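[1] Got a predicted structure here, sequence first:
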Amino acid sequence: LDNSGASSTENLAGEVTGVVTLSADVEYQLTSAFVVRSGGSLTIPAGTTIKATGGTAAYIAVERGGKIFINGEENNPVIMTSAAASPAPGDWGGLVVCGDAPTNKGVNVTSEVADLQYGGTNTNDNSGSISYLVINYAGAQINSESQYNGLTLYSVGSGTTIDNVAILNGTDDGVEFFGGTVSATNLYLENNE
């Protein structure tokens with residue numbers, strides 16, 4: 001899939017502390033970490049394309065207390081992929097969401113990616129919604145104990161909606177759940193190492 005109808009290009013990096021809405025008319029270049037902080041909200045409309053250029057230092061993360069709304073549609077998904085001319089698995093770090101739901105790791109645990117806190121006691125915690133998303137060429141080994149995945153869910157609560165997500169050509173897990181109470185439906189995983 002190629003949502004290449006964008007009329008301009010913008011870089012994505014840094015932090016979201018307020019309410020930010022991207023535009024499907026812009027092709028976004030993810031050049032480093034892009035983190036939605038607690039209290040912040042990031043909305044990505046249908047048809048938006050984000051191309052990562054920063055290697056595994058480029059990822060999107062949602063801190064516990066932050067929210068992401070990925071509003072793809074069946075025939076117009078949101079696409080997160082590599083910007084490389086010859087893309088390969090492991091070209092970028094993927095999408096990370098941290099929540100406040102229970103995990104057997106405890107409370108206030110530090111995530112493998114981005115050093116964010118996760119884990120709590122709120123089973124109904126809401127980190128937003130993710131629908132009709134394609135993640136391509138993400139994931140990588142950080143060290144012998146830690147990895148980037150296509151989609152990493154740390155203690156995400158049942159107030160979060162995740163459906164119709166395709167994770168393709170990754171170097172680690174397509175999706176990895178660290179505890180939490182979220183239900184994800186219609187996950188399609190292909191060619192993840």
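    Yes, it's here. Residues are numbered from 1 along each chain as shown.
[2] Model confidence for the residue nearest to Asp125 when sequence neighbours are not counted, exactly?
    On the basis of CB to CB, 6 or more residues apart in numbering, the spatially nearest residue to Asp125 that is not a chain neighbour turns out to be Gly157, at 2.7 Å. Placement of C-beta: from N, CA and C, glycine included. Reading off the confidence values, Gly157 has pLDDT 98.
[3] before we move on, what about the one 5 residues further on?
    Ile162 is assigned 98 on the pLDDT scale.
[4] tell me the secondary structure for the residue nearest to Asp125?
    Under DSSP: H, G, I helix; E, B strand; the rest coil, the three-state class of Gly157 is coil.
[5] ok, now which ones touch it?
    Residues counted as contacts of Gly157 (CB atoms under 8 Å, 6 or more residues apart in numbering) are Gly99, Asp100, Ala101, Asn122, Thr123, Asn124, Asp125, Asn126, Ser127, Gly180, Thr181, Val182.
[6] moving C-terminal of the worst-scoring helix or strand of the chain on mean pLDDT, what's the next helix or strand?
    Ranked by mean pLDDT, DSSP states H and E, the helix or strand of the chain with the weakest confidence is strand 140-141, at a mean of 74. Following strand 140-141 in sequence order, the next helix or strand is strand 147-148 (DSSP states H and E).
[7] strands paired with that following strand, and their directions?
    In its sheet, strand 147-148 lies beside strand 140-141 (antiparallel), with partners assigned from DSSP bridges.
[8] now what about the strand it pairs with, what contacts it?
    The contact list for strand 140-141 (CB under 8 Å, 6+ apart) reads Thr56, Gly90, Gly93, Gln147, Tyr148, Thr171, Asp172.
[9] So what's the residue count around Glu112?
    Neighbouring residues of Glu112 were enumerated by other CB atoms under 10 Å; the total is 18.
[10] I'd like the next helix or strand past the longest strand anywhere in the chain.
    Secondary structure assigned by DSSP state E gives strand 26-36 as the longest strand of the chain. Past strand 26-36, further along toward the C-terminus, the next helix or strand under DSSP H and E is strand 41-45.
[11] same for the following helix or strand past that following strand, what does it pack against?
    Along the chain past strand 41-45, the next helix or strand (assigned with DSSP H and E) turns out to be strand 49-52. Of the remaining helices and strands, those touching strand 49-52 by 3 or more CB pairs under 8 Å, 6 or more residues apart in numbering; DSSP states H and E are strand 26-36, strand 78-82.
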